[in-house]
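*Asks:* Sequence first, predicted model second:
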Amino acid sequence: MFIKKQRKSIFSINEAIRFQIIIYYFRKMDFKLENKWRKTIDKISVNFGEKLDIQTILFLIGLQELNLNFEKLTKDQKVEVIHVGLCTVLEPYGYYTKLGIDSEGWPHFENSKKIPNVKEKEQEQIIKEAIIDYFN
């Protein structure tokens, strides 16, 4: 006759329950953020006839901040416009400080707080949250 040994868990029952609660709240937070994100995207995309991605939205924010109309931009200028959009939405979070505007009307920012070294998905969530706040 063989007797099965009971496997010892690395978590106690209380720790396992706490762990499940933490996972539940993280999923709930992601759900709330994604819900707000979808509403924001829908609100912005109405004018364009298609769903916009994060990079396109940052580009539009940059254009708005620069008061640029339909001008022909070089590839480097487009990247700079996206950077202006990113700095603008992250400024209220303390990551950037606006130094001023140069003679050509381009704002200059200083990195005032180090952006956390997190995974791409977490970075995306920070940016999504900042964009949501920008439009609300």
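*Replies:* The structure has been received and is ready for your questions.
*Asks:* Which SSE is immediately downstream of the worst-scoring helix or strand of the chain on mean pLDDT?
*Replies:* Within the chain, no helix or strand scores below helix 13-45, which has a mean of 73 by mean pLDDT, DSSP states H and E. Proceeding N to C from helix 13-45, the next assigned helix or strand is helix 54-66, under DSSP states H and E.
*Asks:* and that following helix, how far from the chain's centre?
*Replies:* Offset of helix 54-66 from its chain centre (C-alpha atoms, centre = their mean, to the nearest Å): 13 Å.
*Asks:* Can you name the element that comes right after it?
*Replies:* Using DSSP H and E, the first helix or strand after helix 54-66 is helix 75-90.
*Asks:* With only the CA atoms kept, save that following helix in PDB.
*Replies:* Extracted C-alpha coordinates of helix 75-90, given in PDB (Å, rounded to 0.1, in the frame of the first residue of the first chain):
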ATOM      1  CA  LYS A  75      10.100  62.600 -40.100                       C
ATOM      2  CA  ASP A  76      12.300  64.100 -37.400                       C
ATOM      3  CA  GLN A  77       9.700  66.900 -36.700                       C
ATOM      4  CA  LYS A  78       6.900  64.300 -36.400                       C
ATOM      5  CA  VAL A  79       9.000  62.400 -33.800                       C
ATOM      6  CA  GLU A  80       9.500  65.700 -32.000                       C
ATOM      7  CA  VAL A  81       5.800  66.400 -32.100                       C
ATOM      8  CA  ILE A  82       5.100  63.000 -30.500                       C
ATOM      9  CA  HIS A  83       7.700  63.900 -27.800                       C
ATOM     10  CA  VAL A  84       6.000  67.200 -27.100                       C
ATOM     11  CA  GLY A  85       2.700  65.300 -26.700                       C
ATOM     12  CA  LEU A  86       4.300  62.800 -24.300                       C
ATOM     13  CA  CYS A  87       6.000  65.500 -22.200                       C
ATOM     14  CA  THR A  88       2.800  67.400 -22.100                       C
ATOM     15  CA  VAL A  89       0.700  64.500 -20.700                       C
ATOM     16  CA  LEU A  90       3.400  63.400 -18.300                       C
END
